[in-house]
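1. curious how this folds, go ahead:
(chains A and B)
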Protein chains: 2
Amino acid sequence: MAPRQLNPSERLDWLRLIRTENVGPVTFYQLLHRFGSAGAALEALPSLANRGGRQARLAVFPRVTAERELADLDKAGATILAWGEPDYPAALAAIDDAPPILAVRGDRALLSRPALAVVGARNASANGRRLARELAGELGHHGYLIASGLARGIDAAAHLGALASGTVAVLAGGIDIVYPPENQELYDAIVECGTIIAEPAFGTVPQARHFPRRNRIISGLSLGILVVEAAARSGSLITARFALDQGREVFAVPGSPLDPRCRGTNDLIRRGATLTESIDDILQQLPTLSPSVAHRRPTPAELPASLGSAGAETPAQTVGEPRDSARAQITERLGPTPVAVDELVRQCHLSPAMVVTILLELELAGRLERHPGNQVSLL
Amino acid sequence: MAPRQLNPSERLDWLRLIRTENVGPVTFYQLLHRFGSAGAALEALPSLANRGGRQARLAVFPRVTAERELADLDKAGATILAWGEPDYPAALAAIDDAPPILAVRGDRALLSRPALAVVGARNASANGRRLARELAGELGHHGYLIASGLARGIDAAAHLGALASGTVAVLAGGIDIVYPPENQELYDAIVECGTIIAEPAFGTVPQARHFPRRNRIISGLSLGILVVEAAARSGSLITARFALDQGREVFAVPGSPLDPRCRGTNDLIRRGATLTESIDDILQQLPTLSPSVAHRRPTPAELPASLGSAGAETPAQTVGEPRDSARAQITERLGPTPVAVDELVRQCHLSPAMVVTILLELELAGRLERHPGNQVSLL
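-> Modelled structure (predicted):
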């Protein structure tokens, strides 16, 4: 699909669809696929949710609220970047749950550069900060956009090191919420000469659940992720986990077993991450990455080539409305333990499109949860 | 072969043979193989050397000098341990160039325990020393004999940590030469409750060339080797190289890229050594090692089952004296660049035994050098 800009009305529909209750990115693309446009999906949502077992009517995200968000973004100097638009990062577009809509401040053209993430501990050591700053600066010098999360410690050091060459901060909350507040100056500097992006709605104050969602974007837009200092069971390891799931390379700086801030990075190395002392360790791995990720603009499995444009394929619409027996087959096989969608298809002798449709209805009804690896569970 | 003790006359012959000019361990075992006993080999040496192109008569190591060495060892409280004797470490016996003769002080029974080497930088950091001491102590607690080289820094810390559980120091010089002198107290303590072993003759002051020879013994007697801090191009990396050649596992403690004492260990990890933060990292690997190394008493390829005993096979004797044409075939294919013995056999269309015999003669004549991986070059 050639990248193209959404028109203002499409953009509003996309925003309303992704902001609607129970609609996550995966569902978003499935709805687009099934109905051909976000507008058509919005109209069909309430009846889909009812078929999935919802009692009360599903409230579609109000047009006026979406218009207010667009106005707020505009006033804050931010713009909207939609999946498939020219500046949308190619690597990020390739992940299953790529954000359909991102808010952007700063230089959005930077986002088409190949990116590397540099992340790590908030309570980083002086040596860790120095390494993050130096490595980010040198990687920037080699043409890589440095992605991180604007957190204290390693993140801040990485942004600082790459300020001159190009850096993108991915926020956990709304594009206008600087967290932690002490990084306001850094935020301003990145707006000036880098890029800030955020998936949640304008004004969203980040909460615990937002951080893993944010981390998937940091790894998703990067060819690889470098972890500089990370304790066991820390957020940086979640980012590394996403990177592996997304097929990205993981790099880690080793450290003394006596320093708990190195437990996580040492463990990553033990599990196969590339031990990294200098950028040579990273650059050596990149040729193997670039053909598969950097030089193509891939399409999420569920997203049709006809995205949003009229008259193209309408494949899933031929599925029709599922019969109650098919719905029962699926729901009786679901429980609180995640199960692979492929396994459901195999066991139910239904077409994949039919299974997808039934799961979509359940999700819109608020009865289904999606998990990494195309797995689902019943709530 | 069931382990058996040499008798005093055999022991003297073994000592004379291995102390004779141009006779290294590999040659030693080949001579035993060819002549059935060290005594017979001693008699044949001069004519073998002449056939290899030596002008002056090869001086076999004098009986009286060997007797004096045995007396000196006895006076110093040391004993001789020969390859294949009951206490000779099984893992060490398995390497191609296992020392035919070792001098031993302290408790030689410790040598039949499964051993792990702990080695590293002489200018170790306080943290490195602490880790070496703690890890050695914990491994000792799990029944492993801790081998090291009595050097400053990591080696000394490892010996100290395992003093109570069992440790063996492998010296680079003679068994009576404490190097560095500052480790005299540690040496005495190890004599008291551990084991000291040395390959060179009594009274030998260690020189640069002795250290790699010593390092092959440290790795050779161990199931695996743990490197705690090592600079790039340091002696510990040579020991690790030997360990890999000998099929032993290599463990390394990671460290900050900003500390040059961690360059070597980080590089080992990058090349496949097991990243080690605690003994769990080591213990997890050992089940895979023990079947292949620990629980068998292997025979070097060149050493016959009839070692030193009369009436058994006499395979190589049937080779007879090589013809000059065969000798010329070999020598014209040799040069200063090491070549594999197998390759010589293939190219010359001679029997392996004939090639081995010709190389043996050349070596005794002082014209041949042996290299790791069964390679040889002409001097």
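
2. quick check: what element follows the least confident helix or strand in chain A by mean pLDDT along the chain?
-> Ranking every helix and strand in chain A by mean pLDDT, DSSP states H and E puts helix A:286-289 at the bottom, with a mean of 61. With elements assigned by DSSP states H and E, the helix or strand that comes after helix A:286-289 is helix A:324-333.

3. packing partners of that following helix?
-> Using 3 or more CB pairs under 8 Å, 6 or more residues apart in numbering or on different chains; DSSP states H and E as the contact test, the elements touching helix A:324-333 are helix A:341-348, helix A:352-364. In short, each C-beta sits where N, CA and C put it, glycine included.

4. relative orientation of it and helix A:352-364 in degrees?
-> Following axes from the mean of the first three to the mean of the last three CA atoms, to 10 degrees, one obtains 70 degrees for the angle between helix A:324-333 and helix A:352-364.

5. contact partners for the nearest residue to residue A:88 once chain neighbours are set aside?
-> Nearest residue to residue A:88, sequence neighbours excluded (CB to CB, 6 or more residues apart in numbering or on different chains): residue A:81, at 5.7 Å. Contact partners of residue A:81, counting by CB atoms under 8 Å, 6 or more residues apart in numbering or on different chains, are A:87, A:88, A:101, A:102, A:103, A:104, A:108, A:111, A:197.

6. quick check on the first one: phi, psi?
-> I take that to be residue A:87. Main-chain dihedrals, residue A:87, degrees, to the nearest 10: phi -90, psi -10.

7. on that earlier part again, which among the helices and strands packed on helix A:324-333 is found nearest to residue A:45?
-> Relative to residue A:45, the nearest member of the helices and strands packed on helix A:324-333 by CB to CB is helix A:352-364, separated by 6.2 Å.

8. put the alpha carbons of that closest one into PDB.
-> What follows is helix A:352-364, C-alpha atoms only, in PDB (Å, rounded to 0.1, in the frame of the first residue of the first chain):
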ATOM      1  CA  PRO A 352     -10.800 -18.000  10.300                       C
ATOM      2  CA  ALA A 353     -12.800 -15.000   9.200                       C
ATOM      3  CA  MET A 354     -15.800 -16.300  11.200                       C
ATOM      4  CA  VAL A 355     -13.700 -16.900  14.300                       C
ATOM      5  CA  VAL A 356     -12.300 -13.400  14.000                       C
ATOM      6  CA  THR A 357     -15.700 -11.900  13.700                       C
ATOM      7  CA  ILE A 358     -17.100 -13.700  16.700                       C
ATOM      8  CA  LEU A 359     -14.000 -12.700  18.800                       C
ATOM      9  CA  LEU A 360     -14.500  -9.100  17.600                       C
ATOM     10  CA  GLU A 361     -18.100  -9.100  18.800                       C
ATOM     11  CA  LEU A 362     -17.100 -10.500  22.200                       C
ATOM     12  CA  GLU A 363     -14.400  -7.900  22.600                       C
ATOM     13  CA  LEU A 364     -16.700  -5.000  21.800                       C
END
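
9. for it, name the packing helices and strands.
-> Helix A:352-364 packs on helix A:25-35, helix A:38-51, helix A:324-333, helix A:341-348, strand A:368-371, going by 3+ CB pairs under 8 Å, 6+ apart.

10. help me confirm that residue A:251 is found in a strand?
-> Yes - residue state for residue A:251 (DSSP: H, G, I helix; E, B strand; the rest coil) corresponds to a strand.

11. what pLDDT is listed against it?
-> According to the prediction, residue A:251 has pLDDT 97.

12. my read: it touches residue A:228, true?
-> No - the criterion here is CB atoms under 8 Å, and residue A:251 misses it with residue A:228 at 9.2 Å.

13. and the residue nearest the centre of chain A?
-> residue A:217 (3.7 Å; CA atoms, centre = their mean).

14. not counting sequence-adjacent ones, nearest residue to it?
-> Computed as CB to CB, 6+ apart, the closest residue to residue A:217 that is not its neighbour in sequence is residue A:170, at 5.0 Å.

15. which residues touch the one you found?
-> Residue A:170 touches A:147, A:148, A:149, A:150, A:197, A:198, A:214, A:217, A:218, A:221, counting by CB under 8 Å, 6+ apart.

16. get me the contact residues on the stretch 1-150 of chain A for chain B.
-> A:127, A:130, A:131 (CB under 8 Å from any CB of the partner chain).

17. what residue ranges in the stretch 51-200 of chain A score low on pLDDT?
-> Judged by pLDDT under 70, the stretch 51-200 of chain A has no weakly predicted residues.

18. what about the helices in the stretch 1-150 of chain A?
-> Using DSSP state H, counting those that start in this stretch, the helices of the stretch 1-150 of chain A run over residues A:8-19, A:25-35, A:38-51, A:63-75, A:90-93, A:126-141.

19. in a markdown table: those, plus mean neighbour count.
-> Output for those, formatted as a markdown table (neighbours: other CB atoms under 10 Å in any protein chain shown):
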| stretch | mean neighbour count |
| --- | --- |
| helix A:8-19 | 20 |
| helix A:25-35 | 23 |
| helix A:38-51 | 19 |
| helix A:63-75 | 15 |
| helix A:90-93 | 22 |
| helix A:126-141 | 22 |
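
20. could I get those as a markdown table with distance to residue A:355?
-> Shown next, in a markdown table, are those (distance: least, CB to CB, whole Å):
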| stretch | distance to residue A:355 |
| --- | --- |
| helix A:8-19 | 22 |
| helix A:25-35 | 11 |
| helix A:38-51 | 14 |
| helix A:63-75 | 31 |
| helix A:90-93 | 25 |
| helix A:126-141 | 43 |
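
21. got the residues of the stretch 201-350 of chain A near chain B?
-> So the stretch 201-350 of chain A meets chain B at A:253-258, A:262-263, A:266, A:269-270, A:274-278, A:281 (CB under 8 Å from any CB).

22. out of the residues you listed, which end up buried?
-> A:253-257, A:262-263, A:266, A:269-270, A:274-277, A:281 (16 or more other CB atoms under 10 Å in any protein chain shown).

23. those residues in helices, which ones?
-> A:263, A:266, A:269, A:270, A:281 (DSSP state H).

24. how close does the third one get to residue B:124?
-> Distance from residue A:269 to residue B:124, counting by CB to CB, to the nearest Å: 22 Å.

25. can you show me the strands along the stretch 51-200 of chain A?
-> A:79-82, A:101-106, A:115-120, A:145-148, A:167-171, A:195-198 (DSSP state E, counting those that start in this stretch).

26. now, of these, which is deepest in the fold?
-> strand A:115-120 (a mean of 32; mean count of other CB atoms under 10 Å in any protein chain shown).

27. just the residues contacting it, thanks.
-> With CB under 8 Å, 6+ apart as the test, strand A:115-120 has contacts from A:89, A:91, A:128, A:132, A:135-136, A:139, A:144-149, A:151, A:153-155, A:158, A:161-162, A:168, A:215, A:218-219, A:221-230, A:236, A:239, A:243, A:265, A:282.

28. in the stretch 101-250 of chain A, what residue comes closest to chain B?
-> residue A:127 (5.4 Å; CB to the nearest CB).

29. I'd guessed that residue sits against residue A:262; true?
-> No - using CB under 8 Å, residue A:127 makes no contact with residue A:262, being 10.4 Å away.

30. show me which of residue A:251 and residue A:228 is the more surrounded one.
-> residue A:228 (34 against 26; other CB atoms under 10 Å in any protein chain shown).

31. thinking again about what came up before, which residues does the residue nearest to residue A:217 bridge with?
-> residue A:197 (DSSP bridges).

32. on that earlier part again, now render the helices and strands packed on helix A:352-364 as JSON lines, adding distance to residue B:9.
-> Output for the helices and strands packed on helix A:352-364, formatted as JSON lines (distance: least, CB to CB, whole Å):
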{"stretch": "helix A:25-35", "distance to residue B:9": "84"}
{"stretch": "helix A:38-51", "distance to residue B:9": "97"}
{"stretch": "helix A:324-333", "distance to residue B:9": "82"}
{"stretch": "helix A:341-348", "distance to residue B:9": "76"}
{"stretch": "strand A:368-371", "distance to residue B:9": "77"}
